[in-house]
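> Fold the following, please.
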Amino acid sequence: MRRIWSLLALLLLCCPADATSPAEQPYRIASYGRLVTEVYVNGQGPFTFLIDTASSRSLIFEHVRQKLGLARSQPEKLMVYGINDVAEAVPVKPDRISVAGEELKGLTIGVLPETTDADPDGILGVDFLSHFFVVLDRTTMQLKLLPPGEDSARAYKDWAEAEL
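Next up, the predicted model:
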């Protein structure tokens, strides 16, 4: 039960009055009901990323890789698991990825080829999200990233949860 708190994503309908002060930023509902938010990679951006708790890895599309000048970081491809599919992606290792002011360094992410102009710039997967207690507050449309652990989760203990 203790480790579930560090792997939670909450889809919320209201916000408690005494929540821990989180790192937060807006998210929005894009086409097909997909949740998107802004992400910075190596200090550049913002890039529009899907928030995807079903993706095992964070990903960028080829146009972002080119803009950032990222080279392949290892010879073998990455396996990326999603809710409906498994895909191979070219691995790259940006120095840092930032969301809501929270930064992770040294995360290996995948690069996918372009499919359409309407695609987002990337996908924010569980490899990033699992470092935080994640709250998606539908009332305020804010993505909140809190430190993992029971202290951060206490204010949200009665809300709906989904294990990542």
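> what does stretch 57-69 contact?
Residues outside stretch 57-69 that contact it (C-beta atoms under 8 Å, 6 or more residues apart in numbering): 41-42, 44, 47, 49, 78, 80-81, 89-90, 92, 94, 97, 107-115, 119-128. Glycine gets a C-beta too; all of them are placed from N, C-alpha and C.
> what residue lies at the spatial centre of the chain?
Centroid check for the chain by C-alpha atoms, centre = their mean gives Leu124 as the closest residue, at 3.0 Å.
> Now do the buried residues in the host helix or strand of His63.
Assigned by DSSP states H and E, His63 belongs to helix 62-68. Residues Val64, Arg65, Leu68 are the ones in helix 62-68 that count as buried (16 or more other C-beta atoms under 10 Å).
> Not counting its neighbours along the chain, what's nearest the residue nearest to the centre of the chain?
If the residues on either side of it in the chain are set aside, Leu124 comes closest to Phe49, at 4.4 Å by C-beta to C-beta, 6 or more residues apart in numbering.
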